[in-house]
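Visitor: The sequence and its predicted three-dimensional model are supplied below.
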Amino acid sequence: MDIPPTDFSALTDLFEAGLKQERERNGFNSSAKEASTVQKLTPGSIGSYSSSASKVPASAEPVLKKDSKDIWNDEEVEDSIVDVSDLWLQPEYTVTYRQKVTSEDMFLQMSGKTPGIHDSDDLIVNVLLPGTEFKDIELTVTEQTLEVRCPKYKLLFHFPRDVKESEGSAKWDRSKAQLTVTVPVKPLF
């Protein structure tokens with residue numbers, strides 16, 4: 001779409017006239033030099049100017065403990081915080097769900113299990129860590145997160161459901177440079 005330069009000039013003149021009228025209405029004296037220059041329009045230039053509008057009442061300030069230098073309350077901070085300035089790479093990983101089924105489940109469908117995630121028994125996370133030795137891997141599993149750290153990589157994975165962290169297991173495959181973490185999922189009911 002081609003827009004002729006005259007349209008831009010007309011638009012600029014319109015903005016200049018509106019800005020000049022706004023200044024006159026608010027009682028600003030503008031010199032000839034000011035009127036000839038184009039002011040940069042910002043969100044702050046919308047509406048009328050009021051010096052009292054920028055003052056914040058003392059009652060609107062957050063209340064913190066007098067002796068504390070904290071800027072947040074404990075309720076405002078999540079349990080795990082992701083640092084976006086990390087220099088570690090995120091490794092490739094896959095998530096698989098596993099169900100424990102019997103012949104009754106397969107042929108008679110008596111247990112009421114479905115192939116959905118909500119009926120899974122275990123959650124399996126495979127993490128590829130090329131160039132990593134087993135001794136350099138730090139693994140932390142909580143009820144809601146899995147954290148894998150090593151010199152090159154860092155993975156912070158939030159589980160879609162709560163897991164039984166104390167009943168999980170991990171296996172290192174040196175030939176594939178792959179860490180396999182298996183954790184049982186807590187039942188919903």
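Guide: Yep, it's here.

Visitor: ok, now how distant is residue 146 from residue 168?
Guide: Separation of residue 146 from residue 168 (C-beta to C-beta, to the nearest Å): 9 Å. C-betas here are computed from N, CA, C, even on glycine.

Visitor: Identify the contacts common to the two.
Guide: Counting by C-beta atoms under 8 Å, 6 or more residues apart in numbering, the contacts common to residue 146 and residue 168 are 181, 183.

Visitor: between the two, who's got more neighbours?
Guide: Neighbours were tallied for residue 146 and for residue 168 using other C-beta atoms under 10 Å; the higher tally belongs to residue 146 (24 against 17).

Visitor: quick one: low-confidence ranges for the chain?
Guide: Residue ranges of the chain with pLDDT under 70: 1-6, 8, 26-68, 74, 76-86.

Visitor: quick one: the strands in this protein?
Guide: 93-98, 122-128, 138-141, 145-149, 154-158, 169-173, 178-184 (DSSP state E).

Visitor: closest to residue 10 out of the ones you listed?
Guide: Evaluated over the strands of the chain, closeness to residue 10 peaks at strand 154-158, with 53.5 Å, by C-beta to C-beta.

Visitor: and the closest one, which strands flank it?
Guide: Next to strand 154-158 in the sheet, as set by DSSP bridges, lie strand 145-149 (antiparallel).

Visitor: Give me the residues contacting the strand it pairs with.
Guide: 80, 88, 91, 125, 127, 129, 137-141, 154-159, 179, 181, 183.

Visitor: Then stretch 119-129?
Guide: 91-100, 113, 137, 146, 148, 150, 152-153, 155, 157, 159-161, 163, 176-185.

Visitor: Report the buried members of these.
Guide: Buried by 16 or more other C-beta atoms under 10 Å: 91, 93, 97, 113, 137, 146, 148, 150, 153, 155, 157, 159, 163, 177-185, out of the contacts of stretch 119-129.

Visitor: Done for today, thanks.
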